[in-house]
Structure formats: structure tokens, C-alpha cells
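Engineer: Take this sequence and fold it.
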Amino acid sequence: MGFLEEVMEESVNIHFKDFEDTDKYIKSFMYMKGFAVGRKLPMTLTALSISRVAHMKQCRKDKITPYFTHPLYVASLLVMLDVDDDIVLAASLLHDVLEDTEITKEELLTYEIGEEVLYLVELLTKDSGLNADQLTKYFNEIKKDERAALIKCSDRVHNCSTLENFGREKILSYIEETEKYVLPLTSYCMSFYPKYTSLFSLFKCILSDQTKSMKAMINKVDL
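Structural biologist: Below you'll find the model as predicted:
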């Protein structure tokens with residue numbers, strides 16, 4: 001029995017209240033669930049459950065906030081920006097499961113999330129400690145698919161807003177990566193994916209402001 005099967009089986013008789021710190025995401029969870037049901041998005045609904053269970057014992061860097069709040073935020077931001085594509089939303093909810101949990105791609109497929117969702121999740125999965133050439137290759141692959149690029153931008157927006165628990169070097173590294181890879185990604189997508197030009201333009205503005213704010217914060221600390 002694989003990790004996901006074990007956890008899902010274990011959770012069958014677990015009530016919502018039995019998940020730790022549910023109060024930190026219950027409103028967003030119920031909103032996303034209602035949206036998926038209302039728009040008839042079966043893969044998103046399945047991914048919502050898988051993500052919550054897979055990340056249920058994990059926390060963000062502050063060691064307090066449930067990790068599940070992150071993929072939930074990434075998907076919710078896309079919904080707020082009028083993205084209602086079942087594949088995109090499902091992949092956004094699962095974008096960290098292969099990277100940060102014990103779930104395998106074979107296990108994901110058994111829950112009928114679809115080959116395209118798995119393709120996007122694999123495309124977004126990044127090994128730690130990549131060098132410059134490897135990062136360039138990683139982002140070049142993402143920019144070939146506007147759906148993966150949307151998820152990566154939404155992911156970066158949330159991560160940039162939660163860097164207060166990182167050290168100075170990590171923040172500087174994040175600023176550099178955002179400026180060198182993510183902002184050019186938004187510019188590329190604005191030109192080559194007309195359907196989402198306005199969204200990528202918005203992501204570019206948000207991420208530009210975030211990097212400026214992070215730089216100002218670092219400079220203030222240096223003083």
C-alpha cells in the first residue's frame with residue numbers, strides 16, 4: 001500500500017474538525033469546494049482532498065501555519081483572477097505534492113486526476129539546490145505551457161508574501177530568482193499567450209512590487 005493510499009484510508013473516518021489548525025483555512029477550503037462543485041470541476045474537487053490529506057502533517061516555515069494553506073491560496077488566487085480551468089486548478093492544488101510529500105506520480109494517477117494534471121505537476125516540481133543552468137532549463141520548460149506559468153506565478157506571489165520567516169540570504173536569493181527568472185517569464189507569457197495577457201501583466205506588477213518591498217525591507221535591516 002502506497003503513502004497516499006495509506007493516508008486516504010486512514011482519513012476515511014476522520015471528521016473535518018480532527019485536522020489540526022482547520023480554522024486557519026476552513027473558509028478558503030469551503031469556498032474552493034463550493035466553486036468546484038458549482039462549476040462542475042471533478043479533478044479540482046479530487047485534488048482538493050488529496051492536497052489537504054497529503055499536506056496535513058506539514059507546516060510552513062513558521063512551524064505554525066498548515067502547509068495546505070499554500071496550495072489552497074495558489075488555487076484561490078487563480079480563481080479570483082477568473083481562471084476556472086479544471087486542469088489548471090487541480091494542478092495548482094497539487095503542485096507541491098511530488099516535491100514535498102511521499103506521494104508518487106503513480107499514486108496520483110490512481111485517483112483519476114488525469115495525465116494533463118500530472119504533466120503540469122511534474123513540470124512544476126523542482127529539485128532543491130539547482131544551479132543557474134538547471135534553473136534556466138526549469139523555467140524554460142515552464143514557459144512552454146501557459147497553464148504551468150500561471151500556477152508558477154501564483155505560487156511565487158504567495159511565497160513572496162510569506163518570506164518574513166526566512167533569513168537574509170534566503171530572501172536575497174528569492175529576490176534574485178524572481179528578477180532573473182519569474183519576471184522575464186511573465187513578460188514572455190504576455191507576448192506569447194494572448195488569452196492570459198492581462199493576468200500575466202497583473203502578475204508582473206504584483207511581483208515587481210513585492211521584490212521592491214523585499215529589497216526595501218532588507219536595506220532597512222542593514223541600516
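Engineer: Output the below-cut-off pLDDT ranges for the chain.
Structural biologist: 1-20, 221-223 (pLDDT under 70).
Engineer: mind listing the helices in the protein by residue range?
Structural biologist: Assigned by DSSP state H, the chain shows helices spanning 3-11, 26-38, 42-54, 69-80, 86-94, 97-100, 105-110, 115-124, 132-142, 146-160, 168-177, 183-192, 197-222.
Engineer: right, so those: which one is the most enclosed?
Structural biologist: Among the helices of the chain, ranked by average contacts under mean count of other Cβ atoms under 10 Å, first place goes to helix 86-94 (a mean of 28). Any C-beta I mention is one placed from the backbone N, CA and C, and that applies to glycine too.
Engineer: That one - contacts with which helices or strands?
Structural biologist: helix 42-54, helix 69-80, helix 115-124, helix 146-160 (3 or more Cβ pairs under 8 Å, 6 or more residues apart in numbering; DSSP states H and E).
Engineer: what does the last one contact?
Structural biologist: Contacts of helix 146-160 from elsewhere in the structure, counted by Cβ atoms under 8 Å, 6 or more residues apart in numbering, are 70, 73-75, 77-78, 83, 85, 87-88, 91-92, 95, 120, 123-124, 139, 141-143, 174, 178, 182, 185-186, 189, 192-193, 195-196, 199-200, 203, 206-207, 210-211, 214.
Engineer: Likewise for the second one?
Structural biologist: Applying Cβ under 8 Å, 6+ apart, the external contacts of helix 69-80 come out as 24-25, 28-29, 31-32, 35, 44, 48, 51, 55, 60, 88-89, 92-96, 150-151, 154-155, 157-159.
Engineer: Now find how far off-centre that helix is within its chain.
Structural biologist: 7 Å (Cα atoms, centre = their mean, to the nearest Å).
Engineer: Okay, angle between that helix and helix 86-94 too, please.
Structural biologist: Helix 69-80 and helix 86-94 meet at an angle of 150 degrees, taking axes from the mean of the first three to the mean of the last three Cα atoms, to 10 degrees as the criterion.
Engineer: cool, and the last one?
Structural biologist: If you take the same axes, to 10 degrees, helix 146-160 sits at 30 degrees to helix 86-94.
Engineer: how about helix 146-160 as CSV, C-alpha atoms only?
Structural biologist: What follows is helix 146-160, C-alpha atoms only, in CSV (Å, rounded to 0.1, in the frame of the first residue of the first chain):
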residue,chain,number,x,y,z
GLU,A,146,0.8,28.9,-20.2
ARG,A,147,-1.0,26.8,-17.6
ALA,A,148,2.2,25.9,-15.7
ALA,A,149,3.3,29.5,-16.0
LEU,A,150,0.0,30.7,-14.4
ILE,A,151,0.5,28.4,-11.5
LYS,A,152,4.2,29.3,-11.0
CYS,A,153,3.3,33.0,-10.9
SER,A,154,0.5,32.5,-8.4
ASP,A,155,2.8,30.3,-6.3
ARG,A,156,5.6,33.0,-6.4
VAL,A,157,3.1,35.7,-5.3
HIS,A,158,2.2,33.8,-2.2
ASN,A,159,5.7,32.7,-1.4
CYS,A,160,7.0,36.3,-1.8
